[in-house]
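# Could you work out the structure for the sequence below:
(one chain, ligands or ions: 1)
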Amino acid sequence: MALCSVGRPLLQNTRHALGWFFKQKQTFCCKVHDSQEEEIRKKLQLFPGGSIDLQKQESGIAVMTVNNPARMNAFSGSMMTELEERVCELETWTEGKGLIVQGAAGTFCSGSDLNAVRAISNPQDGMKMCMFMQKTLTRLLRLPLISVALVEGKALGGGAELTTACDFRLMTSDAMIQFVHKHMGLVPGWGGAARLVRIVGSQNALKLLAGSRKVDPDFGKQIGLVDDVLTVGEGNTLVDTERWLSQFTKGSAPVIRAVKKVVLSGRELSLDEALTTERHVFGTVWGGPANLEALARKTKHK
Ligand SMILES: CCCC(=O)SCCNC(=O)CCNC(=O)[C@H](O)C(C)(C)COP(=O)(O)OP(=O)(O)OC[C@H]1O[C@@H](n2cnc3c(N)ncnc32)[C@H](O)[C@@H]1OP(=O)(O)O
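Prediction:
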């Protein structure tokens, strides 16, 4: 208790400084677009169709839906720019704790829209699209929300890459994930290979990328790509996913968000940098409302 009361003004200052820092970072993320990015955004918008829908719920869990059922939820150009806008919206959602990414109409996503791909198949446009999606999916993974991809039906190509931009993956028992890039004469370009290696290790990543091996729920669980399997026909998969996610999102938003930040820094930074970040994040919850309530409750962990 002594440490708590002596340290408080300093910790409050730290919290204040960090709050300012995160706010500035968010403003920067949302408002600054360099000219190259603006150029590719304009080009992508020439390929319309579908939408990325976002529903932010009072529970602190948001549901993002890749919605283009006529094309098995393939990403049109305008959907790529909408995805970036939705991520931006989530970056400023301070009450948020969790995120479910799903596809509309019972299937996840069949990657990029091949009509758009054909139209921008020159290397310059391809590189710009790849940069744009890489940046967006990196920001999606770095959101201070615990995220889960709900994979029903098929997740192919860029759709498979999208699943790796979430913290967890759930599959329905009849679903399938496949990095079909090799069959398309490609490798992942949306950051999916780098993330896949971190999730399943390089041996398994080679099997999935060089063999374009289909991943069913059993194989997915075996290699650590898939965290759990939902049985088809038993209830509502979205409700089941919300229930599954709530085991991690129950509790105060600042604490859940702090957990995601320390795990993220452990995953992405050097040990020294991660330790520094962990100290800073610790300072944001130490002596905070959830901490004080727990102390007052004299919580026992039986
Ligand atoms: C860096 C990113 C790399 C990439 O993502 S490259 C793209 C990788 N994805 C693909 O190659 C998917 C190709 N599509 C397929 O294999 C099959 O359509 C798929 C998804 C297995 C579904 O098969 P089925 O259930 O038999 O249905 P279907 O073939 O009749 O498809 C229904 C309608 O959806 C369309 N569709 C599916 N995937 C698409 C895509 N990626 N881009 C554009 N259109 C796509 C398909 O053409 C069909 O449209 P339509 O009814 O013929 O007008």
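# Can you show me the helices along the stretch 51-200 of the chain?
77-91, 114-119, 123-141, 158-163, 192-210 (DSSP state H, counting those that start in this stretch).
# CA-only coordinates of stretch 50-68 in CSV, if you can.
What follows is stretch 50-68, C-alpha atoms only, in CSV (Å, rounded to 0.1, in the frame of the first residue of the first chain):
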residue,chain,number,x,y,z
GLY,A,50,-19.0,-5.4,-51.7
SER,A,51,-18.3,-3.8,-48.4
ILE,A,52,-16.5,-4.2,-45.1
ASP,A,53,-19.2,-3.9,-42.4
LEU,A,54,-18.4,-3.0,-38.8
GLN,A,55,-20.7,-3.4,-35.8
LYS,A,56,-19.3,-2.1,-32.5
GLN,A,57,-21.3,-3.7,-29.6
GLU,A,58,-21.8,-2.5,-26.1
SER,A,59,-20.1,-5.7,-24.8
GLY,A,60,-16.9,-4.2,-26.1
ILE,A,61,-16.7,-6.9,-28.9
ALA,A,62,-16.9,-5.6,-32.5
VAL,A,63,-17.9,-7.8,-35.5
MET,A,64,-16.2,-7.0,-38.8
THR,A,65,-17.8,-8.7,-41.9
VAL,A,66,-16.1,-9.1,-45.3
ASN,A,67,-19.2,-8.8,-47.4
ASN,A,68,-19.2,-9.7,-51.1
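# List the buried residues of that stretch.
For stretch 50-68, the neighbour count (16 or more other Cβ atoms under 10 Å) marks 50-52, 54, 56, 60-68 as buried. Glycine gets a C-beta too; all of them are placed from N, C-alpha and C.
# ok, is it in contact with the ligand or not?
No - Stretch 50-68 is not in contact with the ligand by Cβ under 6 Å from any ligand atom; minimum separation 8.5 Å.
# coming back round to it: comparing the helices of the stretch 51-200 of the chain, which comes out most buried?
Most buried of the helices of the stretch 51-200 of the chain by mean neighbour count (mean count of other Cβ atoms under 10 Å) is helix 158-163; its value is a mean of 28.
# average pLDDT for that one?
In this model, helix 158-163 has a mean pLDDT of 99.
# which residues sit in contact with the closest residue to Gly192 other than its chain neighbours?
Once flanking residues are discounted, Gly192 sits nearest to Glu161: 2.9 Å by Cβ to Cβ, 6 or more residues apart in numbering. Contact partners of Glu161, counting by Cβ atoms under 8 Å, 6 or more residues apart in numbering, are Gly111, Leu137, Phe179, Pro188, Trp190, Gly191, Gly192, Arg195.
# now do Gly49
Asn68, Ala70, Arg71, Ser76, Ser78, Met79, Asp113.
# do Val117 as well
Counting by Cβ under 8 Å, 6+ apart, Val117 has no contacts.
# Before we move on, what's the pLDDT of it?
pLDDT at Val117 comes out at 89.
# Next to the ligand, which bits of the stretch 51-200 of the chain? Give me the list.
71-72, 74, 110-115, 154, 156-158, 180-181, 184, 186, 189-190.
# pretty sure Glu91 is in contact with Leu143, am I right?
Yes - with contact defined as Cβ atoms under 8 Å, Glu91 reaches Leu143; the gap is 6.5 Å.
# which stretches of the chain have low pLDDT?
1-33 (pLDDT under 70).
# which stretches of the stretch 201-302 of the chain form strands?
With DSSP state E, counting those that start in this stretch as the criterion, the stretch 201-302 of the chain has strands at 228-230.
# Do a quick rundown of the helices in it.
Counting by DSSP H, counting those that start in this stretch, the helices of the stretch 201-302 of the chain are 217-223, 237-249, 253-268, 271-285, 289-297.
# Now tabulate the ones you listed in a markdown table and tack on mean neighbour count.
Below are those laid out as a markdown table (neighbours: other Cβ atoms under 10 Å):
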| stretch | mean neighbour count |
| --- | --- |
| helix 217-223 | 17 |
| helix 237-249 | 17 |
| helix 253-268 | 18 |
| helix 271-285 | 15 |
| helix 289-297 | 12 |
